[in-house]
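Undergrad: structure, please.
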Amino acid sequence: MERPEWAPADVDLSRPSVARAYDYWLGGSHNFEVDREFARQAMAAVPDLRLVARANREFLHRAVRFMLDQGVRQFLDIGSGIPTVGNVHEIAQQVDPDARVVYVDIDPVAVTHSTHILAGQPNAVALLEDLRHPEAILEHPETRRLLDLDRPVGLLLVSVVHAVPDHDDPYGLIKRLWTALAPGSCVAISHVTTDSRPDEMGEGTRLSGRTNTPVTARTRAQVEDLFAGLDLVEPGVVWSPLWRPESPAEVGDHPERMSFYVGVGRRR
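TA: The predicted model follows:
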């Protein structure tokens with residue numbers, strides 16, 4: 001397979017990436033044939049997967065706007081993926097041009113493309129790091145340069161926690177992150193589940209085992225536990241279209257088919 005000019009030299013072109021498949025589902029172009037083949041197989045199991053991805057992205061946008069309304073002006077977006085329309089810094093800087101964003105992803109393509117997009121943008125940066133290494137993220141020189149952890153931060157964990165298996169203790173990882181943040185900080189989480197579509201989403205989850213970030217689907221109760229110690233913002237943990245929709249069209253007839261539980265918690 002010919003390596004595109006934008007692809008980092010150390011990227012394995014033989015193994016699919018969930019971040020790059022997600023880029024494909026959202027209509028992006030920073031993916032390889034191995035990613036597209038995986039994405040098509042997943043869509044064969046879950047035909048409306050593009051809609052699921054878009055609903056998840058729309059939750060991210062609403063969560064960021066909610067945090068901005070709460071006075072948050074700095075964001076830590078872990079599992080940020082490959083940039084597409086409506087990135088966090090674009091939304092935040094429409095409200096406050098001085099808003100700051102640190103993007104973090106495990107995929108080198110996502111970070112390389114993000115770095116290219118952010119060239120000349122002094123208030124946003126992309127880091128190659130892993131959610132399973134919270135101290136490395138929090139202590140990174142670029143995180144320390146851009147974010148003041150003594151002031152509220154918007155911690156965004158959108159479509160990433162399900163990439164952390166139980167033996168890596170996602171509950172403890174999330175707590176280590178938000179306890180490092182100031183009171184008034186907010187935490188947004190979206191997480192895939194098989195609760196509403198066990199056969200379709202179960203097959204999609206199984207296929208993710210081919211990637212470098214296999215998915216662990218969790219129940220609503222397990223997702224609620226990820227917010228332990230935080231004050232859950234109304235309406236709590238719900239299907240992605242049901243979290244503070246801005247129009248009836250965002251909800252649709254069957255919000256449960258979007259197969260993501262989402263929520264926002266606030267640190268006291």
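
Undergrad: identify the single longest helix in the chain, thanks.
TA: Across the chain, the longest stretch assigned as helix under DSSP state H is helix 49-69.

Undergrad: quick check on L232: phi, psi?
TA: Main-chain dihedrals, L232, degrees, to the nearest 10: phi -70, psi 130.

Undergrad: again with V158
TA: Here is the backbone geometry of V158 (degrees, to the nearest 10): phi -100, psi 120.

Undergrad: that one: neighbour count?
TA: When neighbours are defined as other C-beta atoms under 10 Å, V158 has 24 of them. For the C-beta atoms, the positions are set from N, CA and C on the backbone; glycine is no exception.

Undergrad: who are the contact partners of it?
TA: Under the criterion of C-beta atoms under 8 Å, 6 or more residues apart in numbering, the contact list for V158 reads N56, F59, L60, A63, D77, G79, A188, I189, S190.

Undergrad: so the first one sits against L157, correct?
TA: This points to N56. No: judged on C-beta atoms under 8 Å, N56 makes no contact with L157 at a distance of 12.0 Å.

Undergrad: so what sits against both of those two?
TA: With C-beta under 8 Å, 6+ apart as the test, N56 and L157 both reach S190.

Undergrad: strands along the stretch 101-250 of the chain, start to end?
TA: 124-128, 154-158, 186-192, 231-232, 238-239 (DSSP state E, counting those that start in this stretch).

Undergrad: for V262, helix, strand, or coil?
TA: Here V262 is recorded as strand under DSSP: H, G, I helix; E, B strand; the rest coil.

Undergrad: could you report the neighbour count for it?
TA: V262 has 27 neighbours, counted by other C-beta under 10 Å.

Undergrad: equivalent analysis for R132, please.
TA: Neighbour tally, R132, other C-beta under 10 Å: 15.
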